[in-house]
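> Next comes the sequence, and after it the predicted model I'd like to discuss.
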Amino acid sequence: MNRHAWVLIGIASLAPASNAAADPDTQAPGQRVAAAGSQPSVAGPTENVTGRVRVDPLFAADAAIAASSAYVTFEPGARSAWHTHPAGQRLVVTAGVGLTQEWGKPIQVIRPGDVVVCPPGVRHWHGAGPRTAMTHLAVTGVVEGKSVEWMQKVSDEEYNRHVGL
Ligand code: MN
């Protein structure tokens, strides 16, 4: 047997053991399904929202993915307070028609399928329309255990500057 063949056999015989040791899938815990209905809804905290807001948690941040996620439903007229996210946030509107605003800019109408990209540190709010509820999927980055910095509530005067609804 020539040297080339030994190298091939050596690689072939080493490969499975080597892959097994290096493959994170063999070390990691298995896939897990959090069954629908297993994570109770919670009310949006009154100090950080105006009106009725329901949060349906989906997943928490962990060592692999530094972001948490939830469905958030705002009843008509309800909205978050002004806030920032130290690691940013993504919103995907899934139902209803709502509103969002970045500080210093006009209020925008958001509808199902719209994707809102909130960069880190940008002050904003999100909520329902005056006569329509709105639900969005929220994916919120977490850095050093923090995902949001709450500020003052959105006043009726600020909220009522919306146009188009
Ligand atoms: Mn936000």
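Structure received.
> Give me the below-cutoff pLDDT ranges for the chain.
1-26 (pLDDT under 70).
> And the strands in it, which stretches?
In the chain, the segments counted as strands under DSSP state E are 42-43, 49-50, 53-59, 67-74, 79-80, 83-84, 89-96, 98-102, 108-110, 115-118, 124-128, 134-141, 149-150.
> what about these, which gets the closest to Tyr159?
Evaluated over the strands of the chain, closeness to Tyr159 peaks at strand 79-80, with 6.3 Å, by C-beta to C-beta. (Glycine included, C-beta is placed from N, CA and C.)
> I'd like the strands of the chain laid out as JSON lines, including mean neighbour count and distance to Ala35.
Formatted as JSON lines, the strands of the chain follow (neighbours: other C-beta atoms under 10 Å; distance: least, C-beta to C-beta, whole Å):
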{"stretch": "strand 42-43", "mean neighbour count": "11", "distance to Ala35": "18"}
{"stretch": "strand 49-50", "mean neighbour count": "21", "distance to Ala35": "28"}
{"stretch": "strand 53-59", "mean neighbour count": "16", "distance to Ala35": "12"}
{"stretch": "strand 67-74", "mean neighbour count": "20", "distance to Ala35": "16"}
{"stretch": "strand 79-80", "mean neighbour count": "24", "distance to Ala35": "28"}
{"stretch": "strand 83-84", "mean neighbour count": "18", "distance to Ala35": "31"}
{"stretch": "strand 89-96", "mean neighbour count": "18", "distance to Ala35": "20"}
{"stretch": "strand 98-102", "mean neighbour count": "23", "distance to Ala35": "28"}
{"stretch": "strand 108-110", "mean neighbour count": "17", "distance to Ala35": "30"}
{"stretch": "strand 115-118", "mean neighbour count": "15", "distance to Ala35": "27"}
{"stretch": "strand 124-128", "mean neighbour count": "24", "distance to Ala35": "28"}
{"stretch": "strand 134-141", "mean neighbour count": "21", "distance to Ala35": "18"}
{"stretch": "strand 149-150", "mean neighbour count": "13", "distance to Ala35": "31"}
